[in-house]
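1. Predicted model, plus sequence, below.
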Protein chains: 2
Amino acid sequence: MEIADIVAAARGDSPVDLVLRNARIVNVFSAEVHAGDVAVHHSRIVGLGPGYVGREELDLAGAYLAPGFIDAHVHIESSMLGVREFARAVLPHGTTSVVVDPHEIANVHGLDGIRYMFDQAKYGRLSMFVMVPSCVPATSMATAGAHLEATDIIPLLNDPYVLGLAEMMNFPGVVHGEPQVVEKLKLFTGGVIDGHAPGLTGHYLNAYVAAGIGSDHECTTADEALEKLRLGMYIFIREASNAHNLKDLLPLVTPENCRHFCFCTDDRHPTDLLEHGHIDSMVRTAISEGLDPVSAIRMATLNSADWFRLQDRGAIAPGRRADLVVFESFAEMDIKLVLRGGQIVARDGESLRMDKPDRPSYLRSSMNIDWRSVDFGIPAAGTKVRVIGMVPNQLITRHLVEDARIVNGCAEADIERDLLKVAVIERHMASGNMSKGFVKGLGLRRGALASTVAHDHHNLIVVGADDESMMTAARAVAEMRGGLAVADGDKVLGRLSLPVAGLMSEERLETVCAQKRDLLTAARTLGSPPGQPFVALSFAALEVIPALRLTDQGLVDVEKFEFVDLFVE
Amino acid sequence: MEIADIVAAARGDSPVDLVLRNARIVNVFSAEVHAGDVAVHHSRIVGLGPGYVGREELDLAGAYLAPGFIDAHVHIESSMLGVREFARAVLPHGTTSVVVDPHEIANVHGLDGIRYMFDQAKYGRLSMFVMVPSCVPATSMATAGAHLEATDIIPLLNDPYVLGLAEMMNFPGVVHGEPQVVEKLKLFTGGVIDGHAPGLTGHYLNAYVAAGIGSDHECTTADEALEKLRLGMYIFIREASNAHNLKDLLPLVTPENCRHFCFCTDDRHPTDLLEHGHIDSMVRTAISEGLDPVSAIRMATLNSADWFRLQDRGAIAPGRRADLVVFESFAEMDIKLVLRGGQIVARDGESLRMDKPDRPSYLRSSMNIDWRSVDFGIPAAGTKVRVIGMVPNQLITRHLVEDARIVNGCAEADIERDLLKVAVIERHMASGNMSKGFVKGLGLRRGALASTVAHDHHNLIVVGADDESMMTAARAVAEMRGGLAVADGDKVLGRLSLPVAGLMSEERLETVCAQKRDLLTAARTLGSPPGQPFVALSFAALEVIPALRLTDQGLVDVEKFEFVDLFVE
């Protein structure tokens, strides 16, 4: 809106588009709740206070009115939903803006993947901002579908929806001034650079911050968060599907220091989105844990807007966007109404229908496998093998060594010892790369699981009790253009199709959740214990977290950061 | 410093330039004081915590260490000191950065005046940032030495020391969307725009904020500040020589809402600088009034850095400038040591000598008077005259009407009724403009005062009991190339030379204070009551504050915003 128009509307000489009456305004500046009206014109708030007349009027009858919530850091791909479906899922929970790091799809499709996300967000109801992925691929020890160096990133810098550089996970590279890392940081000097530095402390942490990195979402303890807060970092408190930090970090938050804390979800699996909501659930929990409501709301709004320099949102004030949520009680945090740019987009837990222009995708299929190289057999080259030891509810794995079960000159799975075969098949470039190994702790007694969700390179990972099942599962995934599959022998027992990059479905949230549920049921018939076998599987190939991992290029000793042989003697 | 260098220093593998040991660090992020060391390399803080070795080490022995103070809004010209002398005066008080609005010198010398300020600040010890003057001249009803429209401002936008648009005093112009005002605002859309809106409220205040204006330093009551705070404005709490808002506004500040409050001095006359210090005195007073020390320090540091987007200062954190102050106690706020960019610049109340390259000035003399038009006679054109009624300790004047004292067909001063002649002589363009009138309340019983400090257009204002004294005073000021003078008949009783723009001295602070003291003594011999006659005089020509004012163009009825005749009947 032109300045002349917005001041005219604010003067109130003529009716504005909408007046919200009798609100209890949650004021994130004055840290109070005060009664009043809010005048909205076009997409903006133009005034607070009495005396405005609206072409439309909405009597909030004393309900609370707060700024729309902001997720400070999220990977939409982890929800397995397309951008539009993700928006439909989170809007009713009061989230009106998200800041995403699209490194999952970038690892598969590179810049095309990022542009695809922008494309899907266009004309949508959720403001999707992007932080430029900083670590694609995570390392050179796995084959991703793209490689983003500083020069590749430059075209993104001019996009008004690009806010900065995404979680800089390569903290050794930062701390030691690695040239390729420094090149990327330089592009964002004076700008917004997010961090990811679990456990980083002391001098190395000082160096990380001195390099210009200003936020972190990997704090697990209050002490860790305090050390980072003292250095000026924004602390994104995270409640992800597999990382629950809220209750541990909340005790650190006080009204005095609250300004540097934000809420984020990082990764929310579809069932968690469906059953537990989004940022609203974090606000609710924080308040129930004793945090004063206005601080909790600030952490979901103004603080994130401040860090990301989004001056046009995060607060109820003249000139800012009319992204608003209405709820009846802080304790319930029951979002009754959600407005975005002054338009109602969700009511009573449901997104309103919206007729949007189709956004056809030009992403090619991300399944490019050279099947000639795919052979699950492991010729015996010794008597003992390294085994990736999965640890329940943790991302780390153990580097085990066990006797191989040799049958006809090949190392095979051994159900009695819960030793399953695992393979990672390169699926971006049809390079023919494939590595095999063994994993302990996934519990299958027969059959196989296959998935194209395998952080960060997202190659095709397959685990199974026998080669036939593994091939069936692998073929099923490829046929779907990516996704998850459960197989037994030559039969496919369950499928979840993720045709977008092998990461995202084109179905609705409820459908994806149902498919996932059926898949887990099928996996359980094969002997998988209760839990999330596919989630565990999705991290088995992540070659940056200790101790032993498998990528398409080989078996990685993460602590030594080198490839190791499968057979030890 | 290059990123590779700063991370190397922060790693602590090699000695850094300086380690400050055993500090009690005032942490503006975590809102606490914690003991520790601070490592400094080149001009930056590189690390907090133990384990650093410095080529130089400074044992603070438990003293407090805080970020250097920032004055969020100041007119250096009001100190009557040159930029370098101003720096020498404020540095020992812990001020390491100031944000100035150079509209006084801009009203005299235009863009040349602003460039002169930058020039004087170069290589200096005080970081001087500039907000682009938004209202030069204040109105068209007085003749300033320049006229800055949007197109004139554009060259300044690229300067890294230019932070935004200065106090937008023309709030009617903003609220009513005046094209010339809107043009200036547009140049800074999404940027930093300071405000000046005493008493603005309700819909008009909403419009002012909606236009993009985000701060205000004109709040006199807590209620006014609260209304503005609720709309998201930054509240600059001001302690100026003629506006003391600190004690009235402090009760509004809480740890929860503190983030949007900053300290500023606006105008500090030289004697106040000498006797009362600078931002440090505000911090001290705030703490003594009961504000918690960390909040007080934040208002002098981080909050201003945040508003002005100065990411490299305002806090003690890796990567930020080593602009630091050391003091022993919050209550005393006795600044023992001041560092700027890691260098000690002041110790125990004195600035350290610094050999700086000479910065010769190319500003022309700002005294350009067409003396042929200067005649203090007022031919009688009626029997009653309008009189500017000065109000003690207030900026407003009263619009009085009194019987004229006619002698030989001319209206003259009348000492018995405290009616003095006043004249404003245009002195920028030698236009020959000169207006005359009467003023009540300045108390002279003989002689005259003259000054080139006359907000905002800074023409030559003269007040006196008789024409001869007035001419003597006027000539004395012109001869000095600007300044203040006291005269009696044909004798000059006192002078304060302000050769830079007629606003600033080239002398040291102590000398200027002594000259001012002598000048006031001289004025008192003429009958001026105790007080600040020159300060009062400096506002008598300010045609934007009610009710009656005199400019070089005529007598202004401010409430009607029109010229009026001196004689009423």
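-> That came through fine.
2. Just the C-alpha atoms of stretch A:59-67, please, in CSV.
-> What follows is stretch A:59-67 as a C-alpha-only set of coordinates in CSV (Å, rounded to 0.1, in the frame of the first residue of the first chain):
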residue,chain,number,x,y,z
ASP,A,59,-16.8,-8.6,17.2
LEU,A,60,-14.2,-10.6,19.0
ALA,A,61,-16.3,-10.3,22.2
GLY,A,62,-13.2,-10.1,24.4
ALA,A,63,-11.2,-12.9,22.8
TYR,A,64,-7.5,-12.6,22.7
LEU,A,65,-5.9,-11.2,19.5
ALA,A,66,-2.2,-12.0,18.9
PRO,A,67,0.1,-11.7,15.9
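3. Identify all contacting residues around it.
-> A:20-26, A:28, A:33, A:35, A:38, A:94, A:297, A:301-302, A:313-316, A:320, A:323-330, A:336 (Cβ atoms under 8 Å, 6 or more residues apart in numbering or on different chains). (Glycine included, C-beta is placed from N, CA and C.)
4. residues of it that come out buried?
-> For stretch A:59-67, the neighbour count (16 or more other Cβ atoms under 10 Å in any protein chain shown) marks A:60, A:63-67 as buried.
5. and what of stretch A:345-357?
-> The neighbour-count check on stretch A:345-357 (16+ other Cβ under 10 Å) flags A:345-346, A:351 as buried.
6. Looking at those, which is nearest B:Met80?
-> Distance to B:Met80 across the buried residues of stretch A:345-357 (Cβ to Cβ) is lowest for A:Val345, with 58.1 Å.
7. Around the closest residue to A:Asp112 other than its chain neighbours, how many other residues sit close by?
-> Nearest in space to A:Asp112, with sequence neighbours left out and distances taken as Cβ to Cβ, 6 or more residues apart in numbering or on different chains, is A:Leu363 at 6.4 Å. Residues lying near A:Leu363 (other Cβ atoms under 10 Å in any protein chain shown) number 17.
8. With the one 4 residues further on instead?
-> For A:Met367, the count of nearby residues is 20 (other Cβ under 10 Å).
9. Wait, it touches A:Gly502, no?
-> Yes - the pair A:Met367 / A:Gly502 is scored as a contact, 6.6 Å apart, by Cβ atoms under 8 Å.
10. Now do the shared contacts for those two.
-> Each of A:427, A:452, A:460, A:477, A:481-482 lies in contact with both A:Met367 and A:Gly502 under the rule Cβ under 8 Å, 6+ apart.
11. Now the two most distant members of the residues you listed.
-> Among the shared contacts of A:Met367 and A:Gly502, A:Leu460 and A:Arg481 lie farthest apart (Cβ to Cβ), at 11.8 Å.
12. Centroid-nearest residue for chain A?
-> A:His75 (2.2 Å; Cα atoms, centre = their mean).
13. gap between that residue and A:Glu149?
-> Relative to A:Glu149, A:His75 is positioned 21 Å away (Cβ to Cβ, to the nearest Å).
14. A:Leu460 and A:Arg481: which has the busier surroundings?
-> Counted by other Cβ under 10 Å, A:Leu460 and A:Arg481 do not tie: A:Leu460 has more neighbours, with 27 against 17.
15. A:Ala478 touches A:Leu460, doesn't it?
-> Yes - the criterion here is Cβ under 8 Å, and A:Ala478 meets it with A:Leu460 at 7.4 Å.
16. State which strand of chain A is the longest.
-> Scanning chain A for the strand with the most residues, using DSSP state E, yields strand A:16-27.
17. hmm, who's touching that one?
-> In this structure, residues lying in contact with strand A:16-27 by Cβ under 8 Å, 6+ apart are A:9, A:33-42, A:46-48, A:52-67, A:293-294, A:297, A:316, A:322, A:324, A:326, A:342, B:230.
18. tell me the average confidence for the helix or strand following that strand?
-> Using DSSP states H and E, the helix or strand that follows strand A:16-27 towards the C-terminus is strand A:32-41. For strand A:32-41, mean pLDDT rounds to 98.
19. Let me know the angle separating strand A:32-41 from strand A:16-27.
-> 160 degrees (axes from the mean of the first three to the mean of the last three Cα atoms, to 10 degrees).
20. From chain B, how far off is A:Gly441?
-> 38 Å (Cβ to the nearest Cβ, to the nearest Å).
21. I am assuming that residue contacts A:Val387, so please confirm or correct that.
-> No - judged on Cβ under 8 Å, A:Gly441 makes no contact with A:Val387 at a distance of 9.2 Å.
22. Those two: which is more packed in?
-> Each of A:Gly441 and A:Val387 has its neighbours counted (other Cβ under 10 Å); A:Val387 has more, 25 against 20.
23. can you pull out the strands in the stretch 451-569 of chain A?
-> A:460-464, A:483-488, A:491-497, A:548-551, A:554-557, A:562-564 (DSSP state E, counting those that start in this stretch).
24. any idea which of these is most buried?
-> Of the strands of the stretch 451-569 of chain A, the one with the most neighbours on average (mean count of other Cβ atoms under 10 Å in any protein chain shown) is strand A:460-464, at a mean of 29.
25. what angle sits between that strand and strand A:483-488?
-> Orientation check (the same axes, to 10 degrees): strand A:460-464 against strand A:483-488 gives 20 degrees.
26. Residue numbers of the stretch 251-400 of chain A in contact with chain B?
-> A:254-260, A:294-295, A:306, A:311, A:315, A:317-320 (Cβ under 8 Å from any Cβ of the partner chain).
27. need the strands for the stretch 301-450 of chain A, in chain order.
-> Taking DSSP E, counting those that start in this stretch to define them, one finds strands in the stretch 301-450 of chain A at A:324-327, A:335-340, A:343-347, A:350-351, A:384-390, A:397-403, A:405-407, A:410-412, A:419-425, A:434-440, A:448-451.
28. circling back: now, of the contacts of strand A:16-27, which are buried?
-> With burial judged by 16+ other Cβ under 10 Å, the buried subset of those is A:9, A:33, A:36-41, A:46-48, A:52, A:54, A:58, A:60, A:63-67, A:293-294, A:297, A:316, A:322, A:324, A:326, A:342, B:230.
29. Quick check: which of the strands of the stretch 301-450 of chain A is buried the most?
-> Among those, strand A:448-451 has the highest mean neighbour count (mean count of other Cβ under 10 Å), at a mean of 30.
30. Quick check: phi and psi on A:Lys118?
-> To be clear, residue A:118 is Phe; Lys isn't right here. Note on A:Phe118: its backbone torsions stand at phi -60, psi -40 [degrees, to the nearest 10].
31. any idea of the pLDDT on it?
-> For A:Phe118, pLDDT reads 94.
32. same thing with the one 5 residues further on?
-> At A:Tyr123, the model reports a pLDDT of 83.
33. can you check A:Glu507 too?
-> 95.
34. same deal with A:Val19?
-> Predicted confidence (pLDDT) at A:Val19: the value is 98.
35. check contacts around the residue lying closest to it once chain neighbours are set aside.
-> Computed as Cβ to Cβ, 6+ apart, the closest residue to A:Val19 that is not its neighbour in sequence is A:Gly54, at 3.2 Å. By Cβ under 8 Å, 6+ apart, the contact list for A:Gly54 reads A:15-19, A:39-40.
36. Look up the residues forming beta bridges with A:Gly54.
-> A:Gly54 has these beta-bridge partners by DSSP bridges: A:Val16.
37. and if you look at A:Gly164?
-> A:Met131, A:Val192.
38. show me what contacts the residue of the stretch 351-500 of chain A found nearest chain B?
-> Across the stretch 351-500 of chain A, no residue is closer to chain B than A:Asp456, which sits at 24.0 Å (Cβ to the nearest Cβ). A:Asp456 makes contact with A:103-104, A:107, A:135-138, A:142, A:144, A:542, A:544, according to Cβ under 8 Å, 6+ apart.
39. Having no further points to raise, I will conclude here.
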